[in-house]
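Trainee: model the following, please.
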Amino acid sequence: MRGEYFMWTKEDEQRVINETFGGDAEKYFADIREGHRKAIQWDNLVSSAFILPELETDALELIKQLLGYLPDALLTIPQEPFIRSLLHNYRNGGMTIDDLFSQAEEHIKQIRNEELINNACLTYPRALYGQYFSSLPEVAAKVKTRLTRFLGYEPALEHSLVAELNFQDCLLDDTMHFTEMLSRADIQSITIIKYREVLMAKGKTAADASPLVAMEIIAEHCVKKQNDYR
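Mentor: Numbers count the residues shown, from 1 in each chain. Coordinates of the predicted model:
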């Protein structure tokens, strides 16, 4: 009825958990948190639209260069105005290239940290381990071998579980083709692994402050490829 006030009760919430999430309350609350996280604030949209819009492409390219890939716009938009301002300042002689990269990295870390928020847990749900151990053996082996080659060591499963599961999905996607070169999936997976290594050794504050790994990994890969051809 029009004008009637609807009160959301615990019983309503439990009904949704039972009917939509199969009784899994943890997944219900996780979905709510994810929805809140991905909601774009209007002030971010306004800033993105009106602050140095001519530098949009260059700012996104800088994010891609330092992070190794370009995340979803939901994650980049809050930081884009700051990165555009840094680019503007650099191009007008207000800072050095080293200052640009150093300050931009701090904003791009925030993008990375927001993207990895669901991986900032000390233990993954048991169901994910079940999913991992029921994976196709040949696909799991390809992922483990590839990541080990690029990392230079075999990662601990507590660090690489979600990274490997995500990569397995990419391998099973007929539209994805992997070569000897680093791919977006490689760098995303390594980013998760490196973040979790710091997280589990030193805590979330240290993990959030940890360096971006893409340029280091790409440089190491290029050197290795050069050595292979000598």
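Trainee: who touches the helix or strand where residue 101 lies?
Mentor: Secondary structure from DSSP states H and E places residue 101 in helix 97-115. With contacts defined as C-beta atoms under 8 Å, 6 or more residues apart in numbering, helix 97-115 is touched by 37, 62-63, 66-67, 71-72, 75-76, 78-79, 82-83, 86-87, 89-90, 95, 120, 191, 195, 207-212. C-beta coordinates here come from the backbone N, C-alpha and C atoms, glycine included.
Trainee: hmm, who's touching the helix or strand that it is followed by?
Mentor: For helix 97-115, the succeeding helix or strand toward the C-terminus, using DSSP H and E, is helix 126-133. Among residues not part of helix 126-133, those counted as contacts by C-beta under 8 Å, 6+ apart are 140, 157, 161-162, 164-165.
Trainee: one more time with 10 Å
Mentor: Helix 126-133 is contacted from outside by 24, 26-27, 123-125, 140, 157-158, 160-162, 164-165, 168, using C-beta atoms under 10 Å, 6 or more residues apart in numbering.
Trainee: repeat for stretch 198-209
Mentor: Contacts for stretch 198-209 (C-beta under 10 Å, 6+ apart): 106, 109-110, 112-114, 116-117, 119-123, 156, 158-159, 194-197, 210-211.
Trainee: how is this structure divided into domains?
Mentor: 42-115, 122-228 (automatic domain parsing).
Trainee: between the ones you listed, which gets nearest to residue 20?
Mentor: Of all the domains of the chain, it is domain 122-228 that lies closest to residue 20, at 17.3 Å by C-beta to C-beta.
Trainee: tell me the mean pLDDT over that closest one?
Mentor: Mean pLDDT, domain 122-228: 87.
Trainee: okay, how far is it across stretch 172-188, tip to tip?
Mentor: 17 Å (C-alpha to C-alpha, to the nearest Å).
Trainee: and the helix holding residue 101, how far from the chain's centre?
Mentor: Offset of helix 97-115 from its chain centre (C-alpha atoms, centre = their mean, to the nearest Å): 14 Å.
Trainee: how about that helix: buried residues?
Mentor: For helix 97-115, burial by neighbour count (16 or more other C-beta atoms under 10 Å) applies to 100-101, 103-105, 107-109, 111-115.
Trainee: and if you look at stretch 204-213?
Mentor: 204, 207-208, 210, 212-213.
Trainee: ditto for stretch 182-193
Mentor: Buried, per 16+ other C-beta under 10 Å, within stretch 182-193: 182-183, 185-193.
Trainee: need the residue closest to the centroid of this structure.
Mentor: residue 115 (3.8 Å; C-alpha atoms, centre = their mean).
Trainee: residue 120 and residue 164, how far apart?
Mentor: 18 Å (C-beta to C-beta, to the nearest Å).
Trainee: okay, those two: which has more neighbours?
Mentor: residue 164 (23 against 13; other C-beta atoms under 10 Å).
Trainee: apart from its neighbours in sequence, what residue is nearest that one?
Mentor: residue 143 (5.1 Å; C-beta to C-beta, 6 or more residues apart in numbering).
Trainee: the one you found and residue 171 touch, don't they?
Mentor: Yes. Taking C-beta atoms under 10 Å as the definition, residue 143 is a contact partner of residue 171 at 6.5 Å.
Trainee: identify the contacts common to those two.
Mentor: residue 185.
Trainee: looking at these two, which is more packed in?
Mentor: More crowded of residue 143 and residue 171, by other C-beta under 10 Å: residue 143, with 22 against 17.
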